[in-house]
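Asker: Sequence below, structure please.
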Amino acid sequence: MPSKTKLSQDGSVRSWKRIALVLVALLVMGVLYFWLFLADDVRSSGDEPDASLSKSEAEYAASRQLFAVTEVNIRDRPTTQDSAILGKLPRGSAVTGTLKMGMDGTSSWFELADGKGYIADINLSETQPPVITKELGNKIWTTDQAIDIWAQPDTASGLLDRVKAGTALTLFGLTATNYIEVKLPKGGVGYLADGAGILDRLGGKPLIISFSPQNCSFGKELDTEFAKIGARLRAKWAELESKEFVDEEARDKAYASVEGKSTFMKFQRSFEGLSITAIAQHYEAQSVYFADPPAKVIDVFRRKGFAIGKDGTFPSTDLYAAIAPTRGEGAAYGKTDLGCGV
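Answerer: Next up is the predicted model:
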C-alpha cells in the first residue's frame, strides 16, 4: 500500500501538469487570436516598411543643389502665410539645402543650407533654366486652341498640363530652342512648343489681309465684317426714315446724332505677328487698327510686297490709303491705323 507521502507527491505532479496544460492552451489561444484578428492591423499600421514613404523621407533628408526657375522670394518660415520676405533670388541662381514639409502640412519647401530662409520648392528645378532670347514681359495670352504645357523645353520632358482654348497664360520669354516659358498659376514654370508660331498668334486667331489700295478691299474676312457694319448702319438709317418726329427740329437732332459718325468694332485677331485690335467704318473710309507701332506695321506690309512711301502712303489712283498713327477716337483702339477711303 502506497504511503501518504508518495500519494501527496503524485497529486502535486498531476496538479502541475494540469496547470501547465492550461497555460499551453491559453498561449495557443492567444497566438491564434493574434493571427486571426490583430496581425493585419499591425502590418497595415507600419511595422513593414513602405518603400514609397522611405523614398520620400530620403528625398527630404538629402542635401542637394537646385536652381531658381524664376525670381523667387526667400522667406523666414516655410509658408506664404504670415511669413516675412527676407530677400529675392534671381532666375537661374543655384542654391543648396534640403527639402522640408511646409507649415500647412502639404506644401514642400527648400531650407537653405546656411539656415537663412526657405524657398517654395515649386519654384526650383534640378536643371538650370534655359536662356531666354526674347523677353515677353509677362504678357497675358488667351489661347486660341488646346495646347500642351511641358516640364522642360523638350516634348520628351513630361507633360505638366493640357489647357483648353480660352485659357489665359502668362508668357515670360522665348527660349533659344523655340519654346515659350510660361508662369504657372500655382508657381513654377512650364514650356510651350512652337514659340515663334505662338508669337505670330498673340493678337488672336490668324487672319489673312489681302489689301487693295485701289478699291479699299481688305480681303474676304475683313470685307465681310465691314459689310455687317454697313448693314447695321443702313438698318439704323431706315429706322430713322420711318420714325415720326414731333417737328423738324427733333428730326434734325436725331439725324445729327448719327450722320458722319464713325462706327468702331473691337476685332481681336493677328496678322503676320501683328495684333489687330479693331476695325471702323467712317463716313467715306474704313480703318483696321493695330496694337503695334506704325513702323512695325509698315515693315510687315513692305515684306509682303507692298510699295509704301516714307510717309506711310500706298500708291493709289483715286483713293487715299496709308498706314499712320491713330488719332482722335481711333487712338482708343490701337497705335496704328491702316486706313483707306476718299
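Asker: Let me know the secondary structure of residue 66.
Answerer: Of the three states, residue 66 takes strand under DSSP: H, G, I helix; E, B strand; the rest coil.
Asker: Show me what the mean pLDDT comes to for stretch 236-247.
Answerer: Average pLDDT, stretch 236-247: 83.
Asker: For it, C-alpha coordinates in CSV please.
Answerer: C-alpha atoms of stretch 236-247 as CSV (Å, rounded to 0.1, in the frame of the first residue of the first chain):
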residue,chain,number,x,y,z
LYS,A,236,-30.4,102.4,-88.4
TRP,A,237,-31.0,104.9,-91.2
ALA,A,238,-34.1,103.1,-92.3
GLU,A,239,-35.4,103.2,-88.7
LEU,A,240,-34.9,107.0,-88.7
GLU,A,241,-36.6,107.4,-92.0
SER,A,242,-39.7,105.6,-90.9
LYS,A,243,-39.9,107.3,-87.5
GLU,A,244,-42.4,110.0,-86.8
PHE,A,245,-41.0,113.1,-85.2
VAL,A,246,-42.9,115.9,-83.4
ASP,A,247,-41.2,118.5,-85.6
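Asker: which residues touch that stretch?
Answerer: With Cβ atoms under 8 Å, 6 or more residues apart in numbering as the test, stretch 236-247 has contacts from 251, 254, 255, 258. Yep, even glycine has a C-beta here, placed from its N, CA and C like the rest.
Asker: Considering those, which is situated nearest to residue 342?
Answerer: Within these, distances to residue 342 taken as Cβ to Cβ reach their minimum at residue 258, with 19.2 Å.
Asker: sorry, back to before: JSON lines please, covering the contacts of stretch 236-247 and showing pLDDT, neighbour count and distance to residue 101.
Answerer: Shown next, in JSON lines, are those (pLDDT from 0 to 100; neighbours: other Cβ atoms under 10 Å; distance: Cβ to Cβ, whole Å):
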{"residue": "251", "pLDDT": "82", "neighbour count": "14", "distance to residue 101": "77"}
{"residue": "254", "pLDDT": "78", "neighbour count": "14", "distance to residue 101": "71"}
{"residue": "255", "pLDDT": "77", "neighbour count": "14", "distance to residue 101": "73"}
{"residue": "258", "pLDDT": "70", "neighbour count": "13", "distance to residue 101": "67"}
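Asker: Those residues in helices, which ones?
Answerer: Among these, DSSP state H puts 251, 254, 255 in helices.
Asker: from the contacts of stretch 236-247, which is closest to residue 170?
Answerer: Nearest to residue 170 among the contacts of stretch 236-247, with distances taken as Cβ to Cβ, is residue 258, at 41.9 Å.
Asker: Can you tell me, leaving aside adjacent residues, what's nearest to the closest one?
Answerer: In this structure, residue 258 finds its nearest non-sequential neighbour in residue 236, 6.2 Å apart by Cβ to Cβ, 6 or more residues apart in numbering.
Asker: Might you report the residue contacts of the closest residue to residue 194 other than its chain neighbours?
Answerer: Take residue 194 and drop its neighbours on the chain: the residue closest to it by Cβ to Cβ, 6+ apart is residue 178, 6.7 Å away. For residue 178, the contact set (Cβ under 8 Å, 6+ apart) comprises 193, 194, 195, 196.
Asker: Tell me how far residue 178 lies from residue 153.
Answerer: Per Cβ to Cβ, to the nearest Å, residue 178 is found 8 Å from residue 153.
Asker: And for residue 202, the neighbour number?
Answerer: Neighbours of residue 202 under the rule other Cβ atoms under 10 Å: 18.
Asker: That one and residue 275 touch, don't they?
Answerer: Yes. Residue 202 lies in contact with residue 275 (Cβ atoms under 8 Å); the separation is 6.1 Å.
Asker: mind listing the strands for the stretch 1-150 of the chain?
Answerer: Secondary structure of the stretch 1-150 of the chain (DSSP state E, counting those that start in this stretch): strands at 63-68, 72-75, 85-89, 94-101, 108-112, 118-120, 124-125, 132-142, 147-150.
Asker: where does residue 48 land on pLDDT?
Answerer: Residue 48 is assigned 39 on the pLDDT scale.
Asker: Then residue 262?
Answerer: Listed pLDDT for residue 262 reads 91.
Asker: Same question for residue 133.
Answerer: Residue 133 is assigned a pLDDT of 94 by the prediction.
Asker: Tell me who's in contact with it.
Answerer: Taking Cβ under 8 Å, 6+ apart, one finds 173, 174, 175, 176 in contact with residue 133.
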